[in-house]
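J.: Make a model of this:
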Amino acid sequence: MLAEMGVRVWAPKQAQAKAATEVARETEASLVPAPAPAPAPRSAAVAAAAPMAAPAPTPQAPARPASAVSTLDWPALRDTVAGCRACGLCQGRTNTVFGVGDEQADWMVVGEAPGENEDLRGEPFVGAAGQLLDNMLKAVGRSRGGKGAEGAYIANVLKCRPPANRNPQPDEVAQCEPYLARQVALVKPRVIVAMGRFAVQALLKTNEPIGRLRGRVHHYEGVPVIVTYHPAYLLRTPTDKGKAWADLCLAIAQLPG
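T.: Below is the predicted model of the structure:
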């Protein structure tokens, strides 16, 4: 500053040299540009810029093709039903309800869906409705424990209980139909007694009410089918028991000899 003002400044030579060196260093430092920030690694930059991928949807159990069931024997069919998770009914079941009776019977009874008692025991037609069915079978010389001409095979369309015993839904019936079809193919019955609206609809593919289908012989895969009321309905409407007896007599008439 004194030099700029024209005032002569005296200092030792060493001090002057040191001062000049410091000034030079400061000047050089001010002229060197600041280093640019190092670029982020490419992988990190790409990861930061890329949107987060949506979580993959939970895979649904694929619908089981009927062809996968059509060749099963009894043990394999029973195991397949026990492990089935093709629809949501599997989430609330206690047991699957496969079937019971003589596996070579000429008389087959098809019901609708398991109820609470069936779900607990894993057997179709138990409780009050089951007792009435046993009495109906006894009246025509049959039983679920009998063999040959004295036996019967009993199964439901659905193998799992619907929640709160609600009506079966079409997709649930569709998933279970191959199981029932294979049971019919293995039993080879000479007559099928369809009990209840949903059993009739599954076997005959019709929405006609039972009252219009009774008294006639229908067919499923060449097997005569007789339509009648479900035992649970007969417990609520005992006046129709006479009609059910007439249906059983019609079923007996389909058997040779």
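J.: Assign a three-state SS to V193, would you?
T.: Classification of V193 by DSSP: H, G, I helix; E, B strand; the rest coil places it in strand.
J.: how many neighbours does it have?
T.: V193 has 29 neighbouring residues, counting by other Cβ atoms under 10 Å. C-beta here means a position set from N, CA and C on the backbone, and glycine is covered the same way.
J.: Over to K205?
T.: K205 - counted by other Cβ under 10 Å - has 8 other residues nearby.
J.: With I154 instead?
T.: As a burial measure, I154 scores 24 neighbours (other Cβ under 10 Å).
J.: Surely it touches E103?
T.: No - here I154 lies out of contact with E103, judged by Cβ atoms under 8 Å, at a distance of 11.0 Å.
J.: for stretch 113-132, what is the average pLDDT?
T.: Across stretch 113-132, pLDDT averages out at 95.
J.: and for it, what are the contacting residues?
T.: Applying Cβ atoms under 8 Å, 6 or more residues apart in numbering, the contact partners of stretch 113-132 are 93-100, 109, 111, 133-134, 144, 154-162, 165, 168, 198, 230-232, 234-235.
J.: end-to-end on stretch 150-170?
T.: 34 Å (Cα to Cα, to the nearest Å).
J.: For that stretch, list every residue counted as buried.
T.: For stretch 150-170, burial by neighbour count (16 or more other Cβ atoms under 10 Å) applies to 151-162, 168.
J.: Tell me the one of these nearest A194?
T.: V157 (9.2 Å; Cβ to Cβ).
J.: Just the pLDDT for the closest residue in space to that closest one that isn't next to it in sequence.
T.: Nearest non-adjacent residue to V157, counting by Cβ to Cβ, 6 or more residues apart in numbering: A202, 4.6 Å away. In this model, A202 is scored at 95, pLDDT.
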